[in-house]
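Student: Quick one: sequence and predicted model below, then my questions.
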Amino acid sequence: MNLVILCDKNTRKYLNRNIDFKEQNYNVLSYENELRPDFDKRLTHILPNILIIFRGYNSRGSELEDIIPKIREKMPELRIIYIYGKIVDEQDFLNVTTVLLKNEIYDISIAELYNQGFKNEFFNLNRQEVPRF
């Protein structure tokens with residue numbers, strides 16, 4: 001499976017040091033640290049099977065709620081997984097999940113990146129069947 005990962009630079013460094021994607025039969029096509037207005041065009045050029053979004057990415061003139069419909073239109077079979085992380089602010093979590101659910105993103109994880117079990121939970125989430133409503 002081919003992945004594109006949208007995350008901040010610290011998350012990228014951690015993932016590169018601690019997770020062996022190839023061992024799990026995943027190929028990271030690209031790490032993106034900014035959500036730009038042309039992000040959907042970039043994805044259609046790269047053609048991943050899964051887009052993994054970690055909370056904390058940089059937003060450059062774009063909001064996720066504006067970009068996701070464009071991505072869905074161009075790549076309806078793309079699986080999108082959102083890693084929220086530890087819930088510190090419940091209202092923020094509700095706001096984010098509302099946007100995700102409205103855009104048919106049901107794979108939402110509150111796994112903490114730096115917890116010991118993150119790797120197992122992360123790969124198990126990627127292997128689960130995608131819910132279709």
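Tutor: That came through, no problem. Because the structure is predicted, anything quoted here is derived from the model rather than measured.
Student: what kind of secondary structure is residue 4 in?
Tutor: Three-state assignment for residue 4 (DSSP: H, G, I helix; E, B strand; the rest coil): strand.
Student: can you pull the pLDDT of residue 20?
Tutor: Looking at residue 20, its pLDDT stands at 87.
Student: okay, now it: neighbour count?
Tutor: Close neighbours of residue 20, defined as other CB atoms under 10 Å, add up to 9. In short, each C-beta sits where N, CA and C put it, glycine included.
Student: Kindly confirm my reading that it is in a strand.
Tutor: No: read with three-state DSSP, residue 20 is coil and lies in no strand.
Student: List the buried residues for stretch 19-39?
Tutor: Neighbour-count burial for stretch 19-39 flags 19, 21, 26, 28, 29, 31, 32, 33, 35, 39 (criterion: 16 or more other CB atoms under 10 Å).
Student: For the protein, name the helix or strand with the lowest mean pLDDT.
Tutor: helix 118-127 (a mean of 70; mean pLDDT, DSSP states H and E).
Student: For this protein, which residues score under the pLDDT cut-off?
Tutor: The chain contains residues with pLDDT under 70 at 116, 125-133.
Student: Now with 90, please.
Tutor: 1, 18-25, 56-64, 85-86, 109-133 (pLDDT under 90).
Student: that older thread, and the buried residues of stretch 19-39, which is closest to residue 95?
Tutor: residue 35 (16.4 Å; CB to CB).
Student: Distance check, that closest one against residue 18.
Tutor: Separation of residue 35 from residue 18 (CB to CB, to the nearest Å) stands at 24 Å.
Student: All set, thanks.
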